[in-house]
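> Quick one: sequence plus predicted model below, questions after.
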Amino acid sequence: MKLGLALGYWGSGPPRGIAEKIAAAEDLGFDSMWTAEAYGSDAFTPLSWLGARTSRMRLGTSVVQMSARTPTATAMAAMTLDHLSGGRMVLGIGASGPQVVEGWYGQPYPRPLARTREYVRILRDTIAREKVTSPGPAYPIPHPGGTGLGKPLRSTLHPYRTDLPILLAAEGPRNVALAAEIADGWQPLFYAPRNDAQHRSSLAAGFEERGGRPDGFDVVCMVQVVFDDDVEAAADRVRPFLALYIGGMGARGANFHYEAFARMGYEDECARIQELYLGGDKAAAMRAVPTSMVEQVALVGPRAKIAEELPVFRDSLIGTMVVDGSPDELRTLRDLVG
């Protein structure tokens, strides 16, 4: 299992010490670094800026919001960064949810799987430097209206690689199967290695549709790791994140993160967390996250406990475990993973 550094997206501004953390990860032999975006800092700008400080790590997005850019614009950015980095770009994309897609990007959300399939097809054609055409319906190229003067074009930029990896973020069973069918990797957000039968089944269905698992297919997963002699104190540092995603990152009946934990057997807990969070009591929503739920998807507690539990993650579907921490914590994780 390889290690990646999670850079995520920002709140009020760039996190302090980020340059030192990236330098430590590169020195420790980390395989990659990963940025993200939602409705604040974007994924490509910090990846370019901070990636320029590195010489070896792969530069990945986890994830680029599909609704933020047309597929050709996403391909342009990825191809450009692939050139600048000497072929180290990894493009992770995701469909997000209706609150962000419609509420922030002003794009329609329905039929996310069909849109994803169309988006990836255009990405691949663009990166292969084909003349890009698409009948739509989500991304018709050339545009069927307007002046009528649009014509199929190919990128003026010759790709550094025509096989630039495209990864798909997915949580629901059908979307996970789609990742196995059309992408070069899968990016789960909340993956429970002890409770992954549904994921294995979905991936198998996608690979069957594809005609087999392609070489190099990677599962890139962020795993929160918190070292603390007090297990509950460590879990407390993860609870706000889970409460936000289960309770607030989606509406009632349309929250994929909620559904991911409900499939793990936490349906009652998810309902309570969402009720509290949407009711405005975020502190109570955090307290409602049980430690067992945290331990499904994260590694928390003393070093010895994390060392004991780490093989469950190392021997799972995960090929690249994306983590965060201080330079010393990154070193400890490198030593534990081996």
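Looks like it came in fine.

> give me the element residue 232 is part of.
helix 231-236 (DSSP states H and E).

> and whichever helix or strand comes after that helix, which residues are buried?
Sequence-wise, the next helix or strand downstream of helix 231-236 (DSSP H and E) is helix 239-243. Of all the residues in helix 239-243, those buried under the rule 16 or more other C-beta atoms under 10 Å are 239, 241, 242, 243. To be clear about C-beta, it is placed using only N, CA and C from the backbone, and glycine gets the same treatment.

> by contact count, what packs against helix 239-243?
With contacts taken as 3 or more C-beta pairs under 8 Å, 6 or more residues apart in numbering; DSSP states H and E, helix 239-243 sits against helix 267-278, helix 282-287, helix 291-297.

> between those, which gets nearest to residue 170?
With C-beta to C-beta as the measure, helix 291-297 is the member of the helices and strands packed on helix 239-243 nearest residue 170 (15.5 Å).

> Output the contacting helices and strands for the closest one.
Using 3+ C-beta pairs under 8 Å, 6+ apart, helix 291-297 sits against helix 231-236, helix 239-243.

> Adding mean pLDDT and distance to residue 145, write those out as CSV.
Shown next, in CSV, are those (pLDDT from 0 to 100; distance: least, C-beta to C-beta, whole Å):
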stretch, mean pLDDT, distance to residue 145
helix 231-236, 98, 53
helix 239-243, 97, 43
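
> For residue 123, which of these is the nearest?
Closest to residue 123 of the helices and strands packed on helix 291-297 is helix 239-243 (C-beta to C-beta; 29.5 Å).

> next SSE after that closest one?
Heading C-terminal from helix 239-243, the first helix or strand you meet, by DSSP H and E, is helix 256-263.

> Run the chain-centre distance for that following helix.
Its chain's C-alpha centre and that of helix 256-263 lie 16 Å apart, by C-alpha atoms, centre = their mean, to the nearest Å.

> domains of the chain?
2-223+307-337, 239-297 (automatic domain parsing).

> ok so, going back, looking at the helices and strands packed on helix 291-297, which is nearest to residue 41?
It is, among these and with distance given as C-beta to C-beta, helix 239-243, at 17.0 Å.

> Pull the distance from the closest one to the chain's centre.
The answer for helix 239-243 is 17 Å, by C-alpha atoms, centre = their mean.

> mind saving the C-alpha coords of that helix as CSV?
Provided in CSV are the C-alpha atoms of helix 239-243 (Å, rounded to 0.1, in the frame of the first residue of the first chain):
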residue,chain,number,x,y,z
ARG,A,239,-16.4,13.5,14.9
PRO,A,240,-16.9,17.0,13.5
PHE,A,241,-15.9,15.8,10.0
LEU,A,242,-18.4,12.9,10.1
ALA,A,243,-21.1,15.0,11.6
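
> Which positions in stretch 201-216 come out as buried?
With burial defined by 16+ other C-beta under 10 Å, the residues of stretch 201-216 counted as buried are 202, 203, 205, 206, 207.

> So which residues make contact with that stretch?
Residues outside stretch 201-216 that contact it (C-beta atoms under 8 Å, 6 or more residues apart in numbering) are 165, 173-174, 176-182, 184, 186, 317.

> who wins for most neighbours among those?
residue 186 (29 neighbours; other C-beta atoms under 10 Å).

> for that residue, which residues make a bridge with it?
With DSSP bridges as the criterion, residue 186 is bridged to residue 168, residue 219.

> start at 31 instead
OK, 31 is where the count begins now, so the last one is residue 216.
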